[in-house]
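**Student:** Just a sequence and a predicted model for now, questions to come.
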Amino acid sequence: MAEIVDFPLTRDQREAKERLREAMREFNAAVKFAAKTGLEVKTYQLTCYATYSADPLTLVDVSTNIPGRLPRADVEEF
């Protein structure tokens, strides 16, 4: 059976990979903290397209709310 060898990453790719890993750690910690404090956390996957890639990119949208209360409709999203 053939051995699979990963192609070496560039310095920018390694940095991007590490930054994403750290961002996910912080994101997961923030979601856990919000849930522990009693907030209702909802996540959504969004698909978007960038000019530099033919492949779609998957983004994550997050919203929190106090359970049983609806968000005010007159508040602008930022």
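**Tutor:** That came in fine, so what should we check first? Residues are numbered from 1 along each chain as shown.
**Student:** Just give the closest residue to Ser63, not the sequence neighbours.
**Tutor:** Lys42 (5.1 Å; Cβ to Cβ, 6 or more residues apart in numbering). C-beta here means a position set from N, CA and C on the backbone, and glycine is covered the same way.
**Student:** same check, this time on Val62
**Tutor:** Closest to Val62 by Cβ to Cβ, 6+ apart is Thr43, at 5.2 Å.
**Student:** one step back: which of the three states applies to the residue nearest to Ser63?
**Tutor:** strand (DSSP: H, G, I helix; E, B strand; the rest coil).
**Student:** and what of Ala29?
**Tutor:** From three-state DSSP, the assignment for Ala29 is helix.
**Student:** Check the gap between it and Pro67 for me.
**Tutor:** Remark: distance between Ala29 and Pro67 (Cβ to Cβ, to the nearest Å) = 21 Å.
**Student:** who's more crowded, the two?
**Tutor:** Counted by other Cβ atoms under 10 Å, Ala29 and Pro67 do not tie: Ala29 has more neighbours, with 10 against 7.
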